[in-house]
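Asks: Dropping the sequence and predicted coords here.
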Amino acid sequence: MIEIQGLTKEYDGVRVVDDLSFEVRPGVVTGFLGPNGAGKSTTLRMVLGLDRPTAGRALIDGRPYRELTEPLRRVGALLDAHALHGGRTARGHLRWLAASNGLPDRRVDEVLAQVGLADAAGRRIRGFSLGMRQRLGVAAALLGDPPALLLDEPVNGLDPEGIRWIRTLLRDLAAEGRAVLLSSHLMAEMSLTADHLVVIGRGRLLADAATTDFIDRHGRPRIRVRAVDPTKLAALLGGGALPEPGADAVTAEPAEDGAWEVTGAAPERIAALAAAHGVVLYEIAVHQDSLEEAFMRMTADSVDYRAEVRP
Ligand SMILES: Nc1ncnc2c1ncn2[C@@H]1O[C@H](COP(=O)(O)OP(=O)(O)OP(=O)(O)O)[C@@H](O)[C@H]1O
């Protein structure tokens, strides 16, 4: 379990992480999202004791990272896949890490196999592709078999097979009861991997919710409608038949192939209206926004919100 409590970081008087509080719970993949410069990496560095908070604290199993006696057994991290000694072999790098952290040598070959690098174990890291470096970084994070994992952009540089591999790996690690925190800008991937989302903007917490709840809350379902006679449908929906007095904003816009897209009205109501006007529908389908659309809408809202609270 990772607990972030009132975490704050200022650089030269500028707050880049601002009173942030959230938990990364065991058994769950938590996605950590935010626009560029939102403060994600700074937060992860503070959790790992690489940066000192200006205020607040980050706890791993109840203790700050710097107080952990065997840190690699408590938390594994992938921060920057480039920060590797190129002259070492993959196995050499992991053996050095295991030895300096009091971890059994047998773990080295176990994690190399787990990340699919067994065949490249004896090769020097400088010849590794970015994807191979990412896998080696994941191997290092897993070396101490830790109950918590932090991964900053782990799919960076991975091909589609690698992306699928990491998704399955992270979901399996969470299913084993580990707490997994994952940052990524790839929204489609995030929506497939993360059960829970923590979203920050300019260092502040914007959302802490189950992924499905986040999309339901910030996405806007659209109802796609098609009729046997598109002209009749256009006359009905384009003629403003849908909005009722006092109703929430209802929009009806033409889409391709004579279809219309309606927001703000229930599908039952659209079907009933069409039936009442003798318009025969042959398609009526609800489309929920993707995580990306929900995220864009949410962070756009947050810009307005910040404009209100910050002069
Ligand atoms: N050592 C530092 N000194 C001064 N400012 C810093 C330092 N490290 C980060 N910052 C600033 O803090 C802010 C947050 O940066 P951070 O890298 O944490 O964001 P991020 O959410 O990880 O962004 P990205 O998605 O681009 O990786 C940025 O404005 C950055 O310029």
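Replies: Structure's in. What do you need?
Asks: Isn't Arg124 up against Gly87?
Replies: Yes: applying C-beta atoms under 8 Å as the test, Arg124 and Gly87 come out as touching, 6.4 Å apart. The C-beta positions use only the backbone N, C-alpha and C, and glycine is treated the same way.
Asks: Compare neighbour counts for these two and give me the winner.
Replies: Using other C-beta atoms under 10 Å, the more surrounded residue of Arg124 and Gly87 is Arg124, with 15 against 10.
Asks: which non-adjacent residue is nearest the residue of the chain positioned farthest from its centre?
Replies: Here the centre of the chain is the reference, and by C-alpha atoms, centre = their mean the most remote residue is Gly278, at 45.9 Å. Excluding its sequence neighbours, the residue lying closest to Gly278 (C-beta to C-beta, 6 or more residues apart in numbering) is Lys232, at 7.6 Å.
Asks: what about the one you found, how many neighbours?
Replies: By other C-beta under 10 Å, the residues close to Lys232 number 15.
Asks: hang on, isn't Val155 packed against Ile166?
Replies: Yes: Val155 is in contact with Ile166 according to C-beta under 8 Å; the separation is 5.6 Å.
Asks: Find the residues that touch each one of those two.
Replies: Shared contacts of Val155 and Ile166, defined by C-beta atoms under 8 Å, 6 or more residues apart in numbering, comprise Gln134.
Asks: Quick check: the gap between the closest residue to the ligand within the stretch 201-311 of the chain and Ser41.
Replies: Residue nearest to the ligand within the stretch 201-311 of the chain (C-beta to the nearest ligand atom): Gly203, separated by 7.1 Å. Separation of Gly203 from Ser41 (C-beta to C-beta, to the nearest Å): 12 Å.
Asks: which ones are touching the residue nearest to Gly278?
Replies: Lys232 touches 277-279, counting by C-beta under 8 Å, 6+ apart.
Asks: re the thing from before, tell me the secondary structure for the residue farthest from the centre of the chain?
Replies: Here Gly278 is coil, with the state taken from DSSP: H, G, I helix; E, B strand; the rest coil.
Asks: Please apply the same query to the one 4 residues further on.
Replies: Classification of Tyr282 using three-state DSSP returns strand.
Asks: Double-check it against Val225; I have them as touching.
Replies: No: contact criterion C-beta under 8 Å: Tyr282 and Val225 do not qualify, at 9.4 Å.
Asks: The two: which has the busier surroundings?
Replies: More neighbours surround Val225 than the other of Tyr282 and Val225, with 25 against 8 (other C-beta under 10 Å).
Asks: Glu283 is in contact with that one, correct?
Replies: Yes: in terms of C-beta under 8 Å, Val225 counts as a neighbour of Glu283; the distance is 6.6 Å.
Asks: what touches both of the two?
Replies: Common neighbours of Val225 and Glu283 are listed as Ala259 (criterion: C-beta under 8 Å, 6+ apart).
Asks: and the end-to-end length of stretch 43-53?
Replies: 9 Å (C-alpha to C-alpha, to the nearest Å).
Asks: got the buried residues for that stretch?
Replies: By 16 or more other C-beta atoms under 10 Å, the buried positions in stretch 43-53 come out as 43-49, 51, 53.
Asks: Could you do stretch 223-243 as well?
Replies: For stretch 223-243, using 16+ other C-beta under 10 Å, the buried residues are 223, 225-227, 233-234, 236-237, 241-242.
Asks: Check stretch 256-267 too.
Replies: In stretch 256-267, counting by 16+ other C-beta under 10 Å, buried: 259-262, 264-265, 267.
Asks: How about stretch 206-226?
Replies: Buried-residue list, stretch 206-226, by 16+ other C-beta under 10 Å: 206-207, 211, 214-215, 218-219, 222-223, 225-226.
Asks: and the helix or strand encompassing Phe22, which strands flank it?
Replies: Here Phe22, judged by DSSP states H and E, is contained in strand 14-24. Using DSSP bridges, the strands paired with strand 14-24 are strand 2-11 (antiparallel).
Asks: What is the neighbour count of Ser191?
Replies: 19.
Asks: Surely it touches Ser290?
Replies: Yes: the criterion here is C-beta under 8 Å, and Ser191 meets it with Ser290 at 6.9 Å.
Asks: Below-threshold pLDDT in the protein: ranges please.
Replies: 81-84, 241-248, 301-311 (pLDDT under 70).
Asks: ok, the closest residue to the ligand within the stretch 101-250 of the chain - contacts?
Replies: Closest contact between the stretch 101-250 of the chain and the ligand, by C-beta to the nearest ligand atom, is at His185 (6.4 Å). If a contact means C-beta under 8 Å, 6+ apart, then His185 has 36, 153 as its contacts.
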